[in-house]
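[1] Could you look at this predicted model? Sequence included:
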Amino acid sequence: MGGNRRVRWGTAAVSTAAVLAGIAGLTVLTGAQQAGAAGHSGGTTRAEPGSALLDKDVAAVRKAGGGKVKVLAQAEDGGGSVRARAGAGKKVPWDARFRAASTSKTFTAVVALQLAAEDKLSLDDTVEKWLPGVVSGHGNDGSRVTVRDLLRQTSGLFDYVDDPELGGVLKDFDKYRHDTTPARDYVAVAMRHKPLFTPGAGKTRWAYSNTNYLLLEMIIEKAGTLPWREQVEHRVIAPLGLRETSIGGANPFMPGPHAKVTLPGADGKPLDATEHSLQHTADSGVISSTRDVNTFFRALMGGKLLPPAQLKEMRHTVERTDDPEDVAAWPKGGYGLGVRETPLSCGGSYWHHEGDGFGSYTRTGVTQDGRRSVAISVTSDGGVPDQVRLNAATRRLVDHALCGKDG
């Protein structure tokens, strides 16, 4: 794909900067030190095989990101936690918050599957049943698209972020910085375009579309009788005690400690993109930390958020067929209901969902049993990383952390 690639949520493709040398620092904290740094207690933290390698892998992620990024990673195994960071100038806070972008899709999927477990909706329900007339026109047909299609990206619906009118946000970022367009209006933008395909009998087709998760937001709000934001807070954030996780909504300000996000502006000058309201919907609206992202994915795969039947549904993957950019970024593995599956070099596979948007990139990984996990936050520090190279480096880091490799 080279240095130009469409980003999955909101960032226009920009050429990757020249690779610079990586600078990294590794900290292994005691349980008491972690509690003091983050404001709440955690398990005992100890050095373990792979901690020195994490330091090296984080530096490699920064290099793969073109050097003009800051990186923070945290790996956990239930009994211990190790962290590493890299970047020039002011260091990323160890407990930094970041915009999780499309990693938010997994939070949304959990809420939808909980509602299914409560018989408040069915995965086989059509979009037309819940949202009459919303998916229509230009060949779009909500009676042919199910909730399951939305969750696993098999609807074929146009991705609203690819609309030409929405693609120029970075050209005048300040004009759009406080935009809070509701999900329904973004879906209407997608309906101006023909679908890539329509689900039907025969081979299941797949193409990534953020529009799917806006429709899920709207369905969740009808089925659960509360706003999407409140349902995520009540069903996921509060039960797991995710004190560093929130949904910003219309509030443009980042809560708590965080790294400054700097992108190359249209005029060639640095653009501070830290504060904005653009990511406020169910496809991208979660703000979190490496600690909380790890807690979330370990709880999910450990069976603490979904009954066995719904977790099994989530982990039933389909082949990615009609999205060459996605396959280039993630060459192996399938897509389930709001999660990806990727093979591990030590056998088996791990589950995860990436997030990319306006200079904030999230990478995750958790083993099938939920015992080991890793979360990575990459923040633009003047550059925009090439997705294929960044993903290759983060996959190596995740593989090493989950396989317990010591180099």
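    Yes, it's here.
[2] Could you use CA atoms for every contact and neighbour count after this?
    Fine.
[3] Show me the strands in the stretch 251-400 of the chain, by range?
    With DSSP state E, counting those that start in this stretch as the criterion, the stretch 251-400 of the chain has strands at 262-264, 270-272, 286-288, 340-343, 349-352, 355-357, 360-367, 373-380.
[4] give me the low-pLDDT residue ranges for the stretch 51-200 of the chain?
    Scanning the stretch 51-200 of the chain for pLDDT under 70 picks out 170.
[5] so where do the strands sit in it?
    69-76, 81-86, 98-99, 136-137, 140-141.
[6] TSV for the ones you listed, including distance to residue 301 and mean neighbour count?
    Listed next are the strands of the stretch 51-200 of the chain as TSV, based on distance: least, Cα to Cα, whole Å; neighbours: other Cα atoms under 10 Å:
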stretch	distance to residue 301	mean neighbour count
strand 69-76	14	28
strand 81-86	18	26
strand 98-99	22	30
strand 136-137	36	16
strand 140-141	34	22
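[7] Quick one: closest of those strands to residue 363.
    Closest approach to residue 363 among these (Cα to Cα): strand 69-76, 9.1 Å.
[8] give the contact list for the nearest residue to residue 388 once chain neighbours are set aside.
    Closest residue to residue 388 apart from its sequence neighbours, by Cα to Cα, 6 or more residues apart in numbering: residue 329 at 4.8 Å. When contacts are counted by Cα atoms under 8 Å, 6 or more residues apart in numbering, residue 329 touches 387-388, 391-392.
[9] Which of those are buried? Put it as a PyMOL command.
    Here is the PyMOL command that selects the buried residues among those (16 or more other Cα atoms under 10 Å):
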select buried, resi 387+388+391
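[10] Which of the contacts of residue 329 fall within helices?
    Members of the contacts of residue 329 lying in helices (criterion: DSSP state H): 387-388, 391-392.
[11] the helices in this structure, which residues?
    Secondary structure of the chain by DSSP H: the helices cover 31-38, 51-64, 104-117, 127-130, 147-152, 173-176, 183-190, 211-224, 228-232, 238-240, 290-301, 308-314, 324-329, 387-403.
[12] Of the strands of the stretch 251-400 of the chain, which stretch is the most buried?
    Highest mean neighbour count of the strands of the stretch 251-400 of the chain: strand 373-380, a mean of 29 (counted as mean count of other Cα atoms under 10 Å).
[13] ok now that one, how far from the chain's centre?
    10 Å (Cα atoms, centre = their mean, to the nearest Å).
[14] Which elements pack onto that strand?
    strand 69-76, helix 290-301, strand 360-367, helix 387-403 (3 or more Cα pairs under 8 Å, 6 or more residues apart in numbering; DSSP states H and E).
[15] what's the residue closest to the geometric middle of this protein?
    With distances taken as Cα atoms, centre = their mean, the residue of the chain nearest its centroid is residue 103 (1.9 Å).
[16] So that residue is in contact with residue 351, correct?
    No. Shown here, residue 103 and residue 351 do not form a contact pair, counting by Cα atoms under 8 Å, at 11.7 Å.
[17] that older thread, mind checking which of the helices and strands packed on strand 373-380 is nearest residue 94?
    Proximity to residue 94 (Cα to Cα) singles out strand 69-76 among the helices and strands packed on strand 373-380, at 7.4 Å.
[18] Taking helix 387-403 as reference, get the angle to that closest one.
    Interaxial angle, strand 69-76 versus helix 387-403 (axes from the mean of the first three to the mean of the last three Cα atoms, to 10 degrees): 20 degrees.
[19] What angle do helix 51-64 and strand 69-76 make with each other?
    150 degrees.
[20] Identify each buried residue in stretch 213-231, please.
    Buried-residue list, stretch 213-231, by 16+ other Cα under 10 Å: 213-224, 228-229, 231.
[21] ok, those vs residue 166, which is closest?
    Ranked by distance to residue 166 (Cα to Cα), the buried residues of stretch 213-231 are led by residue 214 at 15.5 Å.
[22] ok, that closest one touching residue 284?
    No. If you go by Cα under 8 Å, residue 214 and residue 284 don't touch, sitting 9.6 Å apart.
[23] can you tell me which residues contact residue 96?
    Residue 96 neighbours (Cα under 8 Å, 6+ apart): 256-259, 289-290.
[24] And it, how close does it get to residue 81?
    16 Å (Cα to Cα, to the nearest Å).
[25] quick one on the thing from earlier: redo the helices and strands packed on strand 373-380 as CSV? Include distance to residue 160.
    Shown next, in CSV, are the helices and strands packed on strand 373-380 (distance: least, Cα to Cα, whole Å):
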stretch, distance to residue 160
strand 69-76, 27
helix 290-301, 26
strand 360-367, 20
helix 387-403, 20
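[26] for those, which one sits closest to residue 118?
    Nearest of the helices and strands packed on strand 373-380 (Cα to Cα): helix 290-301, 17.2 Å.
[27] Just name whatever secondary elements that closest one is in contact with.
    Partner elements for helix 290-301 (3+ Cα pairs under 8 Å, 6+ apart): strand 69-76, helix 238-240, strand 360-367, strand 373-380.
[28] who wins for proximity to residue 59 among these?
    Among those, the nearest to residue 59 by Cα to Cα is strand 69-76 (8.0 Å).
[29] Which neighbouring elements make contact with the closest one?
    helix 51-64, strand 81-86, helix 290-301, strand 373-380.
[30] Report the mean per-residue pLDDT for the last one.
    Put plainly, it is strand 373-380. Strand 373-380 shows a mean pLDDT of 98.
[31] That one pairs with which strands?
    Using DSSP bridges, strand 373-380 pairs in its sheet with strand 69-76 (antiparallel), strand 360-367 (antiparallel).
[32] Outside of the last one itself, list whatever touches it.
    Read that as strand 360-367. Outside strand 360-367, the residues that reach it (Cα under 8 Å, 6+ apart) are 98-101, 103, 261, 293-294, 297-298, 301, 349-356, 372-380, 394, 398, 402.
[33] Touching, residue 83 and residue 71? I think so.
    No. Using Cα under 8 Å as the test, residue 83 is too far from residue 71 to be in contact (10.6 Å).
[34] The closest residue to residue 130 other than its chain neighbours: what's it in contact with?
    Among residues not flanking residue 130 along the chain, residue 219 sits closest, at 6.1 Å (Cα to Cα, 6+ apart). Counting by Cα under 8 Å, 6+ apart, residue 219 touches 127, 130-131.
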